[in-house]
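**Q** what follows is a predicted structure for the sequence shown.
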Amino acid sequence: MTGAKPAAAAAPAGAFAPLAGRVFLVLWAATIIGNVGSFIRDTASGWLATDLSASPAAIATVQAAATLPIFLLAIPAGVLSDILDRRRFLIAIQLFLATVSVALMLLSASGLTSLTALVALTFFGGVGAALMAPTWQAIVPELVERPMMKQAVALNSLGINIARAIGPAAGGLLLAVAGATATYAVDVATYAVVIAALFWWPRAARGADPLAERFGGAFRAGLRYARESRELHRVLLRAAAFFLCASAVWALLPLVARDVLGGGSGLYGLLLGAVGLGAILGAVLLPRLRSRLGADGVLLAAALATALVMALLAAGPAPWQALMLLLVLGAAWIGALTTLNATAQAVLPDWVRGRALAVYLTVFNGAMTAGSLVWGGVAQFAGIAPTLLLAAAVLATVGLLFHRAKLPEGDADLMPSHHWPEPLVTAEVNGDRGPALVTIAYRVSAADRAAFLEAIHRLSRSRRRDGAFAWGITEDVADPETLLEWFLVASWAEHLRQHRRVAGQDADLQHEVQRFHFGGQPPQVRHFLTLDPA
């Protein structure tokens, strides 16, 4: 079931086309409200941290506590998002996050808030965010038709930044006018809206699947796919390079507002709101920039713009000038986030989407966590302004160097091809039996051998991505024109899952390999299983 109307799917997909689907619209709006609450909470916590400690390293620790759980838990969360009912999982996470905010509210009301408690509850909030992030992203294919995937991803990024424009400013204002307790109470109320939208979502129940994955096997399959996907590797490399350097501005922004600009919580909220507003403006301009610069050009422009903003903030501008700079930062930030996230979505098939996106989120948040700790430590000894200048220089240099590692186009056919015939068996096979050995015998002439081997080694990566833990190609010593491809899969059930996973691009590659086969009959495929010890 999808939330898109048939007419919307048939027409050319514009930037806002996914909003024509009622389900996507409701969940998108609920997500914005929930994220507004999260930004309100984080603004209050970030500012309270400056009241509890003046140490840059301590302030950066609060930022690290928010992102560290995503680094640690995103991959297990991605596995859960692929094997559990996603709606129930999201509802449980929202209830957990509401509990964290209630605890912050009660501590504030009783006057017992400490830096240790703030860091601990920020960490638990990060745990909830870690569990939620890959699941929210993985449900996108359920809400829109595939031709609108990129537009839906961009709208999700836009929604986050709409919340960023509203939440921090509202949080700073609430904190200044009503205090921390009321600020946290508003955050608690937003969870009720999100939970209500999730209960309303008319999601079709999944039937029992005899090939449903278990946690351990699904975890290994996700890591194996991420290890073998060269397209994903390029996205991860560019993300790590950008966010490791750009994290300095986020880790030090509370201290920039207080110590460099001489402002209070209200100015801090306005600065974060300016980032969100700049992100909205950036989202409007992004399609035009992408058409002119391409994805790699947008990412380079984002790195250079972010570096320039950090360098100018270090100079101690007037508050109104800082707000203008944060507008630029917001536009650059959504340019980088949307480009990297949309590329990651585009290179992933649906069966592993949650797990592989979790790998992307792990790299993203790991870079943010490590960067926050590093730049916070540098600022502890060198000061805020010199640290921002150093981070700006490093980011600009890294952006130029890594511009050569081009992002993938993301236009491959990743839909299941279903072209593998079902294996022939004489009796029902226990799915847990394994490992399974699959062999394919080819007849290849000596003149075609080099080209065949080049093609089949490219095919080997898809075998590993889809389930094989070992692969090889051998020759018959009595007949060198007979070449045997073999691969091992952990179990019979995992091999049957391979049949579901083979994508259109891999089917094309298999046809290319089989072009070199001669003999009139197709290559002979055989399946072997380890004998049952009983």
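**A** Okay, I see it.

**Q** tell me what the longest strand along the chain is packed against?
**A** Counting by DSSP state E, the longest strand found in the chain is strand 479-489. Helices and strands in packing contact with strand 479-489 are listed as strand 436-443, helix 449-466, strand 468-476; criterion 3 or more CB pairs under 8 Å, 6 or more residues apart in numbering; DSSP states H and E. In short, each C-beta sits where N, CA and C put it, glycine included.

**Q** against which helices or strands is the helix or strand that comes right after it packed?
**A** Sequence-wise, the next helix or strand downstream of strand 479-489 (DSSP states H and E) is helix 492-501. Packing contacts for helix 492-501, counted by 3+ CB pairs under 8 Å, 6+ apart, involve helix 215-228, strand 436-443.

**Q** can you map out the helices along the stretch 151-300 of the chain?
**A** 180-200, 215-228, 230-255, 265-314 (DSSP state H, counting those that start in this stretch).

**Q** quick one: buried residues of the third one?
**A** The neighbour-count criterion (16 or more other CB atoms under 10 Å) identifies 231-232, 234-236, 238-255 as the buried residues of helix 230-255.

**Q** so, low pLDDT: which residues of the stretch 251-400 of the chain?
**A** By pLDDT under 70, the stretch 251-400 of the chain has no low-scoring segment.

**Q** could you do the stretch 1-150 of the chain as well?
**A** 1-15, 54-55, 57, 59, 63, 146-147, 150.

**Q** would you map the helices across it?
**A** Using DSSP H, counting those that start in this stretch, helices in the stretch 1-150 of the chain cover 6-10, 22-52, 56-83, 86-110, 115-138, 140-143, 149-177.

**Q** re earlier: dump the helices and strands packed on strand 479-489 to CSV, plus mean neighbour count, distance to residue 526 and mean pLDDT.
**A** Output for these, formatted as CSV (neighbours: other CB atoms under 10 Å; distance: least, CB to CB, whole Å; pLDDT from 0 to 100):
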stretch, mean neighbour count, distance to residue 526, mean pLDDT
strand 436-443, 19, 5, 93
helix 449-466, 18, 15, 91
strand 468-476, 15, 14, 93
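
**Q** any chance of those in a markdown table, with distance to residue 114 too?
**A** Below are the helices and strands packed on strand 479-489 laid out as a markdown table (distance: least, CB to CB, whole Å):
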| stretch | distance to residue 114 |
| --- | --- |
| strand 436-443 | 56 |
| helix 449-466 | 48 |
| strand 468-476 | 48 |
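
**Q** nearest to residue 32, of the ones you listed?
**A** Proximity to residue 32 (CB to CB) singles out helix 449-466 among the helices and strands packed on strand 479-489, at 34.9 Å.

**Q** and the pLDDT for the spatially most distant residue from the centre of the chain?
**A** Most distant residue from the mean C-alpha position of the chain: residue 478, 50.7 Å away (CA atoms, centre = their mean). Model confidence at residue 478, given as pLDDT, is 91.

**Q** closest one to residue 366 among the helices of the stretch 1-150 of the chain?
**A** Per CB to CB, nearest to residue 366 of the helices of the stretch 1-150 of the chain: helix 56-83, 4.1 Å.

**Q** residue 157 - nearest residue in space that isn't next to it in sequence?
**A** residue 338 (4.5 Å; CB to CB, 6 or more residues apart in numbering).

**Q** what distance do you get for that neighbour to residue 295?
**A** Applying CB to CB, to the nearest Å, the value for residue 338 to residue 295 is 10 Å.

**Q** more neighbours, those two?
**A** Each of residue 338 and residue 295 has its neighbours counted (other CB atoms under 10 Å); residue 338 has more, 27 against 22.

**Q** next helix or strand past the helix or strand harbouring that one?
**A** Assessed by DSSP H and E, residue 338 sits inside helix 319-346. Note on helix 319-346: by DSSP H and E, the next helix or strand toward the C-terminus is helix 353-382.

**Q** okay, the angle between that following helix and helix 449-466?
**A** Helix 353-382 runs at 80 degrees relative to helix 449-466, counting by axes from the mean of the first three to the mean of the last three CA atoms, to 10 degrees.

**Q** check which residues of helix 353-382 are buried.
**A** 353-376, 378-380.

**Q** domains of this structure?
**A** When the chain is parsed with automatic domain parsing, its domains come out as 21-203+213-402, 436-529.

**Q** I'd say residue 440 and residue 485 touch.
**A** Yes: between residue 440 and residue 485 there is a contact at 4.5 Å, judged by CB atoms under 8 Å.

**Q** I'd like the distance between the nearest residue to residue 431 once chain neighbours are set aside and residue 439.
**A** Distances taken as CB to CB, 6+ apart put residue 493 closest to residue 431, at 3.2 Å, once the chain neighbours are dropped. For residue 493, the distance to residue 439 equals 19 Å [CB to CB].

**Q** cool, residue 484 as well?
**A** Applying CB to CB to residue 484 and residue 439 gives a distance of 6 Å.

**Q** repeat that for residue 118.
**A** Distance from residue 118 to residue 439, by CB to CB: 59 Å.
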